[in-house]
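J.: Please find the sequence and the predicted model below.
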Amino acid sequence: MSNDVLEAAPPAHSIPHRHPDGREVLATAKGILIASRGYGDAEAFEELLDVSRHHHVSVMRAAKSLVELATRRQPCPSVTTPAPSYALEFTEWTTLLAR
């Protein structure tokens, strides 16, 4: 292998940041619940559904909120939310993640 191939790779700082798609966000949120509560996959999804129904948001918005809360990140710029991220820190999860 020549050095030309290695030198052709773009520097890490020039690679654009990719935002996770919906499946990845949902899988991450379920993973957080599975690890935190000891749920199975179906139970984790059921909790996401329950929270979304209780707070009148989509299941995807509930999942994004959980991931943001767990990682203490601001929402991705591509995600438009009517309220700031902190407004979606549902009590079901703030106590879960406070442990």
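T.: Arrived safely. Bear in mind that the values here come from a model prediction, so they are computed numbers and not experimental data. Numbers count the residues shown, from 1 in each chain.
J.: Only C-alpha atoms from now on, for both contacts and neighbour counts.
T.: Fine.
J.: Show me where the chain has its helices.
T.: Taking DSSP state H as the test, the helices found in the chain are 3-7, 22-37, 41-55, 59-71, 91-98.
J.: what about the second one, average pLDDT?
T.: For helix 22-37, mean pLDDT rounds to 93.
J.: what do you get for the fourth one?
T.: Mean per-residue pLDDT for helix 59-71: 89.
J.: Next: the shortest one.
T.: Per-residue pLDDT over helix 3-7 has a mean of 51.
J.: now the third one
T.: Summarised as a single mean, pLDDT over helix 41-55 is 93.
J.: measure the closest residue to residue 40 other than its chain neighbours to residue 48 for me?
T.: Spatial nearest neighbour of residue 40, excluding adjacent residues (CA to CA, 6 or more residues apart in numbering): residue 34 at 6.1 Å. If you measure residue 34 against residue 48 using CA to CA, to the nearest Å, the figure is 12 Å.
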